[in-house]
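**Student:** Need the 3D shape of this:
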Amino acid sequence: MNNAWDKAKSLADKHATQGSIFVRLQNDGDAVVGVFCGEPYAREVYWDGEKYVEATADGPPPGATAKTPSLRVALNFYVPSEGTMKIVEGGTQWFRDLVNVREKYGLDKWLFEIKRHGKPKDPKTKYTILPEEKIDDALRAKLSHVPAHDLAQMSAGTDEAETSDGPKLIDLDVARQFADRLRALPRSEADMFLQEFRIERVRDLPNDRMPAALQFLLKLEGAHKSSNGAKESAIDPFAV
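**Tutor:** Just a heads-up that it's a prediction; the model follows:
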């Protein structure tokens with residue numbers, strides 16, 4: 001793959017993940033700079049091959065890929081380059097590294113870079129957390145007005161963790177946006193959308209299909225608008 005294709009793919013990946021509530025570092029070298037905000041939300045989960053399931057006293061759920069649960073910890077993470085509060089989530093080692101960084105630098109004083117080291121699906125993938133620059137007064141003032149996400153609610157609604165290598169589905173707010181726009185169309189066209197992407201519900205749309213799904217939705221909306229316009233133009237408003 002030449003440089004032009006590499007650049008195009010990189011930009012496509014970037015636009016596919018922009019707008020997501022969750023930080024997504026999918027490829028080796030992907031990085032994000034931001035501010036850790038608020039308290040962590042920790043939970044024990046099992047991976048069932050499709051999504052994370054909260055651990056209970058009943059033991060592993062059907063299809064669990066491990067006999068013991070794993071730790072997932074989520075935090076609010078403000079990304080200045082996007083002007084958006086996001087959520088970042090990681091496992092045991094990632095959180096231990098974060099604790100070490102917090103003890104040494106303090107999370108309320110610095111912007112930090114989180115960087116991925118490992119290709120997709122590489123079990124040896126690691127993430128580094130390094131201080132980038134100190135938080136200035138302007139950013140601190142902005143942070144005081146940015147609302148945080150409800151981590152418990154958002155984690156319960158996600159089907160995967162952002163630094164995991166499991167299946168990646170669109171997050172809930174994007175799914176709701178797609179669903180709202182599809183509701184405005186005839187049901188037959190909404191069914192056409194589901195059939196095109198071989199899903200039973202909008203929430204099941206893979207994140208990497210989101211650009212194609214958006215283009216398909218725009219096509220459906222355009223056709224529906226043209227159809228309505230044709231019906232309206234068939235009526236002469238000046239007829240007597």
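**Student:** Output the contacting helices and strands for the lengthiest strand in the chain.
**Tutor:** Longest strand in the chain by number of residues (criterion: DSSP state E): strand 31-47. Here strand 31-47 touches strand 52-54, strand 70-79, strand 84-90, helix 92-105, strand 110-117, helix 137-143, helix 151-157, going by 3 or more C-beta pairs under 8 Å, 6 or more residues apart in numbering; DSSP states H and E. No exception for glycine: its C-beta is placed from N, CA and C like everyone else's.
**Student:** Redo those as CSV? Include distance to residue 191, mean neighbour count and mean pLDDT.
**Tutor:** CSV is the format used below for those (distance: least, C-beta to C-beta, whole Å; neighbours: other C-beta atoms under 10 Å; pLDDT from 0 to 100):
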stretch, distance to residue 191, mean neighbour count, mean pLDDT
strand 52-54, 29, 18, 81
strand 70-79, 35, 21, 94
strand 84-90, 32, 22, 92
helix 92-105, 41, 14, 95
strand 110-117, 38, 19, 97
helix 137-143, 44, 12, 94
helix 151-157, 24, 15, 72
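**Student:** Distance to residue 187 for those - can I get that in JSON lines?
**Tutor:** Below are these laid out as JSON lines (distance: least, C-beta to C-beta, whole Å):
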{"stretch": "strand 52-54", "distance to residue 187": "32"}
{"stretch": "strand 70-79", "distance to residue 187": "36"}
{"stretch": "strand 84-90", "distance to residue 187": "33"}
{"stretch": "helix 92-105", "distance to residue 187": "43"}
{"stretch": "strand 110-117", "distance to residue 187": "41"}
{"stretch": "helix 137-143", "distance to residue 187": "43"}
{"stretch": "helix 151-157", "distance to residue 187": "25"}
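**Student:** out of those, which comes closest to residue 201?
**Tutor:** Nearest to residue 201, of all these, is helix 151-157, at 13.2 Å by C-beta to C-beta.
**Student:** helix or strand right after the closest one?
**Tutor:** Once helix 151-157 ends, the next helix or strand along the chain (criterion: DSSP states H and E) is helix 172-183.
**Student:** centre of the chain versus the helix or strand just after that following helix, how much separation?
**Tutor:** Next in sequence after helix 172-183, counting helices and strands by DSSP H and E, comes helix 187-196. Offset of helix 187-196 from its chain centre (C-alpha atoms, centre = their mean, to the nearest Å): 24 Å.
**Student:** what angle sits between helix 187-196 and helix 172-183?
**Tutor:** Between the axes of helix 187-196 and helix 172-183, defined by axes from the mean of the first three to the mean of the last three C-alpha atoms, to 10 degrees, the angle is 130 degrees.
**Student:** average pLDDT across helix 187-196?
**Tutor:** Averaged across helix 187-196, pLDDT comes to 83.
**Student:** Could you look up the SS state of residue 58?
**Tutor:** Following DSSP: H, G, I helix; E, B strand; the rest coil, we place residue 58 in the coil state.
**Student:** What is the neighbour count of it?
**Tutor:** 6 (other C-beta atoms under 10 Å).
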